[in-house]
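Colleague: compute the structure for the input listed below.
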Amino acid sequence: MLSMVFRTNIRNQKYGRLEFEARCLARIPRYSRLLSEGPTLARALADDSATLAYIFYEAYHYLAPRNTDHTGLLDTGLRGDPAKFLGIHDRLKPPACNEELRRRQVKLASKILGAIAFEMFFPSPGPVVDPNDPFAEPEPAANATGPRFRIDGTEQVDAFYVNVQNRLLKSKAYWLENPNEVHGPKWTQDLESIRSMNSRGLEHFILDGGESSIRFTDITVQAFFAAVWATSYMHGDDLDAVLRSVPDPWLSYAKDCDPKKVYTEFWRFAAQMPAEHVHAKRWESMFAPLYDCQLSRHLQCADSTPIRSTELIYRTWDRMHNTQAGIVFQSEFQQILCGAQSDARQRVAANLLRTGQEENFLTLCEGRCERDDGRFRMGSDAGHGDEQPVHTVTLSHYRLHRYCVTNNEFELFEPRRKRKRYLADAANFRGMDFSRHPVVNVSWYDAVVFALWIGHTQADDGRQYALTLPTEAQWEYACRAGQQTEYTWNAGRDGDKIDKSYCNYGDWEFKPNNSKNIRARTVEVDGSDPGGPQLPVNLWGFSQMHGNVWEWCRDWYDQHYYETCVDEEFSENPMGPQKAIRRVLRGGSWIYGGVFCRSALRDGNVPSFRYWYVGFRLAAVPLSPGGHVGKIP
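Modeller: The predicted model follows:
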């Protein structure tokens, strides 16, 4: 049951400003209290870009100016006996409680908890030897095949803490003047202090166990502290093991199972750890291999193909795009484009950005076509509640690709995608060439990062454009092509009716097991289909805006967003709500019924969602002189 404070925040719409992962955690009572007490939530909500890592860091590390104020969880946990003696080894003398001591103790507690969490996620390789005993025999190393969430047995716990001590020494993370004080009775006293910490009445909220067992009572907390250690104190020798744990995005759906999925929370925390609280070079070394394939020897799948996590690239783009690895990433497509014309990959790249009389990016809001003045009525009075009220929108000049991105185009960026074009057991898809079919099974992150990877394009008139996804308003404007009917076909067709002779859709209304699509698959992006008629473009030349595949848009999805668009300030170039859980999907697909293909119909899903009826098309927006391609917020 949600706490009263949490319900109040929902009513005040503060909850809606948290990012998706924070919302999921906020539904758990212990976390709703964590996010709601003291200044933590207020400080996080004051910043619309607040991430889950920022919220957690504030919750645990915040230090109130006065000892009597609401303060962070670590500071609170260090106020009881024997926790208040952390780092103070003369326990006959009560510590003088001052701000400097509190700050040092919170930092020390964070380091120790981080070293413990990191050792559990990435067990030390090789033999374990007690540095205090020169006659100790080497013992077998802990199982280094995956993360551990609990350690039982006195001998195992003792060996584990030896590894933790070694990490603290090797990384010079302990703040005592004499490094040898990490060992022996003083280290034992500090462990006793750490184990005795309680936080805001949540007993054992951080660490549980005694001399014969140890565990973090919450895996999310363990992942957070492991990420704190990795991004601030991790020794270079640990980098290889960390990189081998990057989750493989192409094993996260269908029938595959990624054994590294358990590290997902760790990587999300690390990616968005506040910049002022990380060691810049350590942090960059963790993410550079995602951008530069030459650095990715530990980021490879079984066939030695580099693993490229688009979610992590998206989450780190703002800090990585100007680094050496980021520059290499942004130059890859241009290298393909400038290659020999005999190269098949070069021909695919050139066709994607084709200019001239048969250009693929069509100009909008500059009067190129009839009724193309940048103004239209968005929504539908006869549609669902999230399509209302109908409101007037004004758009500035932009360009939109006439086709969805194809399989062979996306595979320039991710070659492994070719093995995931469709599910292996889909009989309708076997033996066909799907190179020119729209790419499917792609997440919103895949679509956005693909646009960032291409970067920019130049029109015939010399203007530079940054590639991105269309906003929801830009997509509907192009789909309607100056009409206000339910659908927009080419001249001579009734826009209030839909027919399978000019749109690829199914009979899946609300019965998933009753699909009777005449094709039961996608068609090529230009409407070509060996098994049926050529599907036409709309009045402005865009192909397959209705049906074939759902298309990702850049906006967050909010079913009540149109209510705010009635105000004049939101009617010009609307960008969608600031935060939500889902991203917008538009257009319907080959498996959904015709009603889902309407121009005004809105849908959405979480950014990591992939399925065999979801694709995307690219948009291009003017790039200011000297500007760079920015990340979609």
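
Colleague: can you give me the strands for this structure?
Modeller: 151-152, 207-208, 213-216, 361-364, 375-378, 391-394, 398-401, 456-458, 464-468, 550-557, 582-586, 603-605, 614-615, 619-622 (DSSP state E).

Colleague: phi, psi of R371?
Modeller: phi 70, psi 20 (degrees, to the nearest 10).

Colleague: hang on, the earlier thing: so which of the strands of the chain gets nearest N408?
Modeller: The minimum distance between N408 and these falls on strand 614-615, with 13.3 Å, by Cβ to Cβ. The C-beta positions use only the backbone N, C-alpha and C, and glycine is treated the same way.

Colleague: who touches the residue nearest to T264 when sequence neighbours are not counted in this structure?
Modeller: In this structure, T264 finds its nearest non-sequential neighbour in P247, 5.3 Å apart by Cβ to Cβ, 6 or more residues apart in numbering. For P247, the contact set (Cβ atoms under 8 Å, 6 or more residues apart in numbering) comprises D258, K260, K261, Y263, T264, W267, S309.

Colleague: in helices, which of these appear?
Modeller: Residues of these located in helices (DSSP state H): T264, W267.

Colleague: closest one of the contacts of P247 to D152?
Modeller: Of these, the one sitting nearest to D152 (Cβ to Cβ) turns out to be Y263, at 22.4 Å.

Colleague: residue contacts, the closest one?
Modeller: F121, P147, A223, S245, V246, P247.

Colleague: which of these fall in helices?
Modeller: Going by DSSP H, the helices hold F121, A223 from those.

Colleague: which of the contacts of Y263 has the weakest pLDDT?
Modeller: Ranked by pLDDT, the contacts of Y263 bottom out at P147, which has 84.

Colleague: that older thread, are any of the contacts of P247 buried, and if so which?
Modeller: Those of those that meet the buried threshold are D258, K260, Y263, T264, W267, S309, by 16 or more other Cβ atoms under 10 Å.

Colleague: most widely separated two among those residues?
Modeller: Within the buried ones among the contacts of P247, D258 and W267 form the most distant pair, 12.2 Å apart (Cβ to Cβ).

Colleague: centre-most residue in this protein?
Modeller: The geometric centre of the chain, computed from its C-alpha atoms, lies nearest to E311 (Cα atoms, centre = their mean), at 3.8 Å.

Colleague: was I right to think that residue contacts Y445?
Modeller: Yes: applying Cβ atoms under 8 Å, one finds E311 in contact with Y445, separated by 4.5 Å.

Colleague: which residues are common contacts for those two?
Modeller: With Cβ under 8 Å, 6+ apart as the test, E311 and Y445 both reach P249, P607, S608.

Colleague: now do the contacts for the first one.
Modeller: Spelled out, it's P249. P249 neighbours (Cβ under 8 Å, 6+ apart): I307, R308, S309, T310, E311, S443, Y445, D446.

Colleague: what's the burial count for the last one?
Modeller: Which is D446. 30 (other Cβ atoms under 10 Å).

Colleague: could you do the fourth one as well?
Modeller: Other residues lying near T310 total 24 when counted by other Cβ under 10 Å.

Colleague: over to the first one?
Modeller: Residue crowding around I307 was assessed by other Cβ under 10 Å; the count is 24.

Colleague: list the contacts of L539.
Modeller: Contacts of L539 (Cβ under 8 Å, 6+ apart): C369, E370, A481, G482, Q483, T488, W489, N490, A491.

Colleague: distance of the second one relative to W540?
Modeller: If I follow you right, that is E370. 9 Å (Cβ to Cβ, to the nearest Å).

Colleague: intersection of neighbour lists for those two?
Modeller: Shared between the contact lists of E370 and W540 (criterion: Cβ under 8 Å, 6+ apart) are residues G482.

Colleague: tell me the pLDDT at A478?
Modeller: Looking at A478, its pLDDT is 97.

Colleague: was I right to think it contacts L364?
Modeller: Yes: with contact defined as Cβ under 8 Å, A478 reaches L364; the gap is 6.2 Å.

Colleague: between the two, who's got more neighbours?
Modeller: Each of A478 and L364 has its neighbours counted (other Cβ under 10 Å); A478 has more, 28 against 24.

Colleague: how close does the residue lying closest to that one once chain neighbours are set aside get to H89?
Modeller: Leaving aside its sequence neighbours, A478 sits nearest to L400 (Cβ to Cβ, 6+ apart; 5.0 Å). Distance, L400 to H89, using Cβ to Cβ: 67 Å.

Colleague: so for G547, what's the pLDDT?
Modeller: You'll see G547 listed with a pLDDT of 95.

Colleague: what do you get for the one 4 residues further on?
Modeller: On pLDDT, E551 comes in at 98.

Colleague: where does pLDDT dip in the stretch 401-550 of the chain?
Modeller: 420, 422-431, 508-518 (pLDDT under 70).

Colleague: what segments of the stretch 151-300 of the chain are helices?
Modeller: Ranges of helices within the stretch 151-300 of the chain are 154-170, 184-195, 219-232, 239-243, 264-271, 280-291, based on DSSP state H, counting those that start in this stretch.

Colleague: for those helices, which one sits closest to G80?
Modeller: helix 184-195 (9.7 Å).

Colleague: just the CA trace of the closest one, in CSV.
Modeller: This file holds the C-alpha atoms of helix 184-195, laid out as CSV (Å, rounded to 0.1, in the frame of the first residue of the first chain):
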residue,chain,number,x,y,z
GLY,A,184,43.1,-5.7,12.1
PRO,A,185,41.0,-4.4,15.0
LYS,A,186,40.3,-1.0,13.5
TRP,A,187,38.9,-2.5,10.3
THR,A,188,36.8,-4.9,12.4
GLN,A,189,35.4,-1.9,14.4
ASP,A,190,34.5,-0.1,11.2
LEU,A,191,32.7,-3.2,9.8
GLU,A,192,30.8,-3.4,13.1
SER,A,193,29.8,0.3,12.6
ILE,A,194,28.6,-0.3,9.0
ARG,A,195,26.6,-3.4,10.0
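
Colleague: could you tell me the least trusted of the helices of the stretch 151-300 of the chain?
Modeller: helix 184-195 (a mean of 78).

Colleague: could you give the angle of that one to helix 154-170?
Modeller: Helix 184-195 runs at 100 degrees relative to helix 154-170, counting by axes from the mean of the first three to the mean of the last three Cα atoms, to 10 degrees.

Colleague: distance of I632 relative to R402?
Modeller: Applying Cβ to Cβ to I632 and R402 gives a distance of 22 Å.

Colleague: before we move on, what about N504?
Modeller: Distance from N504 to R402, by Cβ to Cβ: 16 Å.

Colleague: same deal with F333?
Modeller: Distance from F333 to R402, by Cβ to Cβ: 20 Å.

Colleague: then G576?
Modeller: Taking Cβ to Cβ as the measure, G576 falls 24 Å from R402.

Colleague: show the pLDDT at the residue nearest to T363 when sequence neighbours are not counted.
Modeller: Leaving aside its chain neighbours, T363 sits nearest to R399 (5.3 Å; criterion: Cβ to Cβ, 6+ apart). According to the prediction, R399 has pLDDT 96.

Colleague: in a markdown table: the helices of the stretch 151-300 of the chain, plus distance to H546.
Modeller: Formatted as a markdown table, these follow (distance: least, Cβ to Cβ, whole Å):
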| stretch | distance to H546 |
| --- | --- |
| helix 154-170 | 57 |
| helix 184-195 | 60 |
| helix 219-232 | 42 |
| helix 239-243 | 44 |
| helix 264-271 | 35 |
| helix 280-291 | 36 |
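
Colleague: closest to D555 out of these?
Modeller: Comparing the helices of the stretch 151-300 of the chain by Cβ to Cβ, helix 264-271 comes nearest, at 22.0 Å.

Colleague: show me how far stretch 609-626 is from its chain's centre.
Modeller: Centre-to-centre, stretch 609-626 and its host chain are 16 Å apart (Cα atoms, centre = their mean, to the nearest Å).
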